[in-house]
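J.: need a structure here:
(4 chains)
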Protein chains: 2
Amino acid sequence: MLSHKAKYALKALLYLAQQEETHISRTIEIADAASIPKKFLEQILLDLKRGHFVGSKQGKFGGYYLLKSKNDITLADIHRLFDGAIALLPCASLNFYERCSDCVDESECLLRHGLITIREETLKAMQGITIASLVKK
Amino acid sequence: MLSHKAKYALKALLYLAQQEETHISRTIEIADAASIPKKFLEQILLDLKRGHFVGSKQGKFGGYYLLKSKNDITLADIHRLFDGAIALLPCASLNFYERCSDCVDESECLLRHGLITIREETLKAMQGITIASLVKK
DNA sequence: ATTAATTCTATAAAACTAGTAGAGTTTAAA
DNA sequence: TTTAAACTCTACTAGTTTTATAGAATTAAT
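T.: Okay, here's the model as predicted:
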């Protein structure tokens, strides 16, 4: 399941993607339009900025705008940024790999093989969903 | 990501699936073989019993055994029993449907459509992984 | 009776989540 | 140069969930 943070991030990105290219959106504007607590959204937008998905302009008349193309922001990207690994266990993860403490021999683990298959399929599906594809629907 | 409970449940089921059909496994035996805290495993096995995946025999020489065929226990089943919805948001879930409190018009939600697609693909993949398929690898 | 097992309920510590608070910084414009 | 409006940053908190642990009750075989 997605955290609220990830869900709010996606809603915010969808909002930004629907504005004109040159438009700069204030936090409060996004928060109101997408029903997101403003102070919470502030943190989320900063995370999205640190992830180089959005850019910001500070000061009066400042705000946020899409930095990456909406075709290049995938569900997988946002999941990883806010909720971490796509895989069901760290030992089956590409970007968040970690060994299981209770694992004797990883290469012999029956579970891991299946979970890697799942990760491959889920990742492919999640990379197929972009902000652009969501807006078009 | 899977909870430890779900992971332990899968490891326990894999252990049971590798025993002879008539064999009854004690909790401590499974716990030792699969490196699972015994008292924690007790709860998990009870959950699996209530979910009709395993059966039990009480008293001396009692223990647990597979109730369902290992071909009929899927990763999706275990995920749902211990970790709930397969979908990334409750509004995109089949078995754990719930409306988003911040949603104005669900049929208009851009996010939901994409998440339903993901759920369909993930579910199909997870239903393809059975205890039997994991043991065979 | 005794032993060995499951079953049940309660508890507790740690981690995580969701959200809030408030001070600081930056920028545009009057 | 002052003011207003915005982003930026750090800390905090309340609540929930997770991961167990403890111990008593029940069941069944010998």
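J.: so which helix or strand takes in the residue nearest to residue A:69 when sequence neighbours are not counted?
T.: Once flanking residues are discounted, residue A:69 sits nearest to residue A:132: 7.6 Å by CB to CB, 6 or more residues apart in numbering or on different chains. For glycine as for every other residue, the C-beta is placed from the backbone atoms N, C-alpha and C. Taking DSSP states H and E as the definition, residue A:132 sits inside helix A:131-136.
J.: pLDDT on that helix, on average?
T.: Mean pLDDT, computed over helix A:131-136, is 97.
J.: Show me what counts as buried in that helix.
T.: Within helix A:131-136, the residues that count as buried by 16 or more other CB atoms under 10 Å in any protein chain shown are A:131, A:133, A:134.
J.: looking at it, the first one is touching residue A:11, isn't it?
T.: No. Shown here, residue A:131 and residue A:11 do not form a contact pair, counting by CB atoms under 8 Å, at 10.7 Å.
J.: Can you list the buried residues in the biggest helix by length in chain A?
T.: If you go by DSSP state H, chain A has its longest helix at helix A:110-128. Residues A:110-119, A:121-123, A:125-126 are the ones in helix A:110-128 that count as buried (16+ other CB under 10 Å).
J.: The most centrally placed residue in chain A sits in which helix or strand?
T.: The C-alpha lying nearest the average C-alpha coordinate of chain A belongs to residue A:78 (CA atoms, centre = their mean; 0.8 Å). Per DSSP H and E: residue A:78 is located in helix A:75-83.
J.: Look up the closest residue to the residue located most distally from the centre of chain A, ignoring the ones flanking it.
T.: With CA atoms, centre = their mean as the measure, chain A has its most outlying C-alpha, relative to the mean C-alpha position, at residue A:104: 33.3 Å. Distance criterion CB to CB, 6+ apart; nearest residue to residue A:104, sequence neighbours excluded, is residue B:35 at 7.4 Å.
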